[in-house]
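**Q** The following comprises the amino acid sequence and a computationally predicted model.
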Amino acid sequence: MSSNSFQLGGGFTADKAPSSTGSGENDLAADPASSGFFSDSFKRHDDLKAMLDGNKDNLKLEAMKRIIGMVAKGKDASELFPAVVKNVVSKNLEVKKLVYVYLTRYAEEQQDLALLSISTFQRAAKDPNQLIRASALRVLSSIRVPMISPIMMLAIKEAVMDMSPYVRKTAAHAIPKLFSLDPENKEQLIEVIEKLLADKTTLVAGSAIQAFEEVCPERIDLIHKNYRKLCNLLVDVEEWGQVVIINMLTRYARTQFVSPHEHDNEENKEFYDDDKDDDDEDEEKEDDEKKEPKKKPYIMDPDHRLLLRQAKPLLNSRNASVVMAVAQLYHHCAPRGEVGATAKALIRLLRSHKEVQYVVLSNIATMTTIRKGMFEPYLKSFYIRSSDPTHIKLLKLEILTNLATETNISIILREFQTYVTSNDKEFAAATIQAIGRCASNISEITDTCLTGLVHLMSNRDESVVAESVVVIKKLLQMQPTEHKDIISHMAKLVENIQVPMARASILWLIGEYSDRVPKIAPDVLRIMAKSFVDEEDIVKLQILNLAAKLCITNAKQTRLLCQYVFNLAKYDQNYDIRDRSRFLRQLVMPAEKGNLAKYAKKILLATKPAPVLQSKFHDRDQYQLGTLSHILNMKTTGYQELPVWPEVAPDPSVRNVEVPVVIEKKEVSKKKPTKERGFYSDTESSSEDESDEDDSDEEDDSEDEEESSEEEEEEDDSEEEDDSEDDSEEDSDDSVSPITPVKKPEKKPEASTNHVTVKKDEEDDDEDDDDSSEEESSEEDSSEEDKPKPKPTKKVTKSTKTKDTAQPKTSTQDLLLDLDFGAPGGMGSTSSTPGSILTPSLATALDGMSLSDGTSAATNQTFMQPMNVPSKSYELLNKINGNGLGVTYKYTRTISVFSPKMASLELSLTNHGDNALEGVKIGSKKFQPGMEIQDFPEIPSLGKGATTTVLMAINFNDTTQPAKFDLCTQEQKFPVSITAPVGELLQPHTMSERDFNEQQSKLKGMTENSDKVELTEEKNNEKFICTCVYTVANVLQVSSSDQNVYKFASKTLSEGVLALLSVTMKGNTAHLVVNCEKMVIGTMLLKDLKKTLNKS
């Protein structure tokens, strides 16, 4: 009422019109979003209605902003619906957007008024603005009137065909609303969903899958054709869509692929059963094999692998829901060896808010009941902080208990000792229970834990003492004969402990093991009989049990006490106690001796099974991780159970989609040369005019083409650049093809005089490629095609400048041209002979430097030009052992495209058998910790007598330990292993002579290995020595001021440890010195080099 008097008291307030802008003192009293709404007689929203009814768009916009602000604050603005809905026809775009936002919120409540504007919504659905079209559909789907469902269906069908992905996304959101309004439209909606699932836009994918999940999750056949597309789009979809798609694909994988876990179990059995080769077991196995058909070795479906591979990068997502979705996918669908990849991402989520922590920790607790080793390296991440809320503390405690093993139990128990003293009573009690679980699970520490719990019984905190008693009781049940002293000690505490559960536990122990304490038990019964009436019900029941057991074992001393207790219980208020006393009286002290009384001792004193102390999360794995059902440990509404893995995988061909890509490429390649020939010939004349050397232009440009193409492959800036590069190479090949036999022998990688062009930008580089290819073809064909061409001034200045700077560097230009950066499938443009590898040289020293700097850098170098060193081929699988499949491999000595820490290998697979081999791929792997293997792509079919080469990579972790794996075909698998020569564990390293000498001086003593080799006169030359060194190791020669000293530098692939090698010639004696921190590598490298020098 005070606000009323304020409004009426001042004359200026009553006379002044309400403000339309929402500012001023008057509005503070009148604005419904302010304190004025406490007024009784105030007409609410009058000023807003006046603004909405006006003709000025700026006032309408201001009013709508205030109304949306009220809605956002949770205030009721439904009274304004008539005034707002009139503005749905407003021509102002901003007003119309806000009106649609308001209508979406209140259309369901004010259905009758919203129905009046349906024609407007239908017109807006064809508005040129995509936001208006989407908003109109959103409002239309929010009107919950079954009568308009045909109109909604029509609008959705039109929106699905809309050009805007935003409108299609809104249509997907409208589908579940229409389905809940009218389920009879399900068949039509499924057709619409099928169209949306085929949409290739990332904006639509998540919404389409959500509509699929709510309308027809059982129609798994709709996913088949779109499965691979969804997997590939997964990384680019918005976060909400990623969660929905991953959850759907998890269920899809469980229905379409075979379980990878059964294979893991079989492998483990084979591994551990190797030592047990008894004759009886062999006979049993033979019998089993006769009875059961032989199972094929498990080979993961490529589509299954695709899903796991595409989902893995999402573990780095900033969204906790996405990370959790990927984690549950790996938990439910990945092989056991790969689930560990999710551990680090889940640990990262523990730095989030406590709500996120709770969900993540609940899922981790379930995972640790199955996979302890997965989270064991992150044990410290689960240590409890004093600032953690109780529910987080309890979850972390649960996880620590699950992770307890013989190796880390001492660390965990030390933590538990601290937690027991916590002021949080619930947490301290839970810690004592955790200690009991550890003691029961790990028999080696049971005695230690019992001792500690007995000490806790003297604690001042009664709740700690009580919980200790309960846990001790459970532990004593496992080995009661050995702990008579503990039972006696607990019996003495029965008068002091007041917690009912603890008193009941002590009484049960004394009654169960009364024969261990025959003198103490009757006295305890006497004490408890005195206070029987005042005890809690749970204690009274245990007093009755104690009396009955003692009456059987020691009737002479306790019969009267027992009768006294039974009489007290006969008139107790609790009917459970009255029933128990009547039952025990007839069993122990029957009026007439019957058959039951004979067996009283066997009934009451029968051996009880020891309690099994389990995690409360042990049965939660039945629910899908990350779901509400898993958190609550109960099935909630809408929860879909994970399907059981099929025994035989369904037909994988249903996921094949035919895309006519090849035809389009051929058309492009045919048209392109005719266009490029005329266009790029303009630059040809300018480049010929610049360089006065007509004879050497052809060689220079072709070499420039090789260099530029290699630099483009290394940088790999964009897909367009790669495409143009490939096209130019194809064109040049096509144009040169008539006279290829003549030109090929003239090209040599050792060409000494070449002009190196510095790459200015991506466009110039592409032009150089095409210029060189066109120039080469035009000069070789004929001179008739030469035409007068304009000279572009900009390009002349660039090319002349670069050539001037490049000419002094003739001694090192070839080094850049001969680099091979390990492009897959042999895409490098180096013209090397087959069966050889290119030795890295000073080229890496020039990487990242402009050619104009340091012109005198290579003037005093004594090392030789790079050479082609024949690569050694190793046999991986013999054709006899491989049933016709023969495999050899060699080290490419190029930077691996998978990881710089990996050694790149080229495998050559040949089918010597009579039948085609299908599905050749790498299967299971067994290697040392730290090693990695990057598989080669699966070979679908290898025909009879056919040979193919593939690339794979291995990270040997700087060891010579073998990398073992299975080479699988569709029918068989062959165990093979690859051991790297020590020289292939190295990679070239660039350094100056001064740095080489400095590092070599540091690596003395045990890190230095030296030896001598006597060489013949013809072998005492630079070429022979360098060839031997390059054959043994992948190193880089360092410039040397002494002509008799050859220095080579390298680093280990995995850890980057320096390995320095020097050869000093004194007469015909070569002094070899290898310096390396890894002594094994140094020793073996020296041994291999000495062997090669002697052998050669």
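**A** Nice, I can see it.
**Q** Roughly how far does Ile370 sit from Leu315?
**A** Counting by C-beta to C-beta, to the nearest Å, the separation of Ile370 from Leu315 is 19 Å. For the C-beta atoms, the positions are set from N, CA and C on the backbone; glycine is no exception.
**Q** who has more neighbours, the two?
**A** More crowded of Ile370 and Leu315, by other C-beta atoms under 10 Å: Leu315, with 18 against 14.
**Q** who's in contact with the more buried one?
**A** Residues counted as contacts of Leu315 (C-beta atoms under 8 Å, 6 or more residues apart in numbering) are 323, 326-327, 341-342, 344-345.
**Q** Local confidence estimate at it?
**A** For Leu315, the model assigns a pLDDT of 94.
**Q** For the contacts of Leu315, pick the one with the most neighbours.
**A** Of the contacts of Leu315, with other C-beta under 10 Å as the count, Val326 tops at 29 neighbours.
**Q** got the buried residues for stretch 77-92?
**A** Within stretch 77-92, the residues that count as buried by 16 or more other C-beta atoms under 10 Å are 77, 80-81, 83-85, 87-88, 90.
**Q** And those, which is closest to Ala946?
**A** Distances from Ala946 to these, taken as C-beta to C-beta, are shortest for Val88 (69.4 Å).
**Q** Go ahead and confirm the closest one touches Ser117.
**A** Yes - counting by C-beta atoms under 8 Å, Val88 does reach Ser117; the two are 5.3 Å apart.
**Q** Keep only those of the buried residues of stretch 77-92 that are in helices.
**A** Secondary structure from DSSP state H places 81, 83-85 of the buried residues of stretch 77-92 in helices.
**Q** which one among the residues you listed gets closest to Lys1095?
**A** Nearest member of those to Lys1095, counting by C-beta to C-beta, is Val84, at 93.1 Å.
**Q** Let me see the backbone angles for Phe927.
**A** The phi and psi values for Phe927, taken as degrees, to the nearest 10, are phi -150, psi 170.
**Q** can you dump the C-alpha coordinates of stretch 159-170 into CSV?
**A** Written as CSV, here are the backbone C-alpha positions of stretch 159-170 (Å, rounded to 0.1, in the frame of the first residue of the first chain):
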residue,chain,number,x,y,z
ALA,A,159,10.8,-27.4,-44.4
VAL,A,160,12.7,-30.7,-44.9
MET,A,161,13.2,-29.7,-48.6
ASP,A,162,14.3,-26.1,-47.7
MET,A,163,17.6,-24.8,-49.0
SER,A,164,18.6,-23.5,-45.5
PRO,A,165,20.1,-26.1,-43.2
TYR,A,166,18.8,-24.1,-40.2
VAL,A,167,15.2,-24.6,-41.4
ARG,A,168,15.8,-28.3,-41.9
LYS,A,169,17.2,-28.5,-38.4
THR,A,170,14.1,-26.8,-37.0
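**Q** For the host helix or strand of Leu1072, name the packing helices and strands.
**A** Assigned by DSSP states H and E, Leu1072 belongs to strand 1069-1076. Packing contacts for strand 1069-1076, counted by 3 or more C-beta pairs under 8 Å, 6 or more residues apart in numbering; DSSP states H and E, involve helix 993-1002, strand 1008-1014, strand 1058-1066, helix 1079-1095.
**Q** ok, now with 6 Å
**A** In terms of contact count using 3 or more C-beta pairs under 6 Å, 6 or more residues apart in numbering; DSSP states H and E, strand 1069-1076 is assigned the packing partners strand 1008-1014, strand 1058-1066, helix 1079-1095.
**Q** Would you mind giving the ones in helices among the buried residues of stretch 77-92 as TSV with distance to Ala529 and pLDDT added?
**A** TSV is the format used below for those (distance: C-beta to C-beta, whole Å; pLDDT from 0 to 100):
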residue	distance to Ala529	pLDDT
Phe81	76	83
Ala83	82	84
Val84	80	87
Val85	81	82
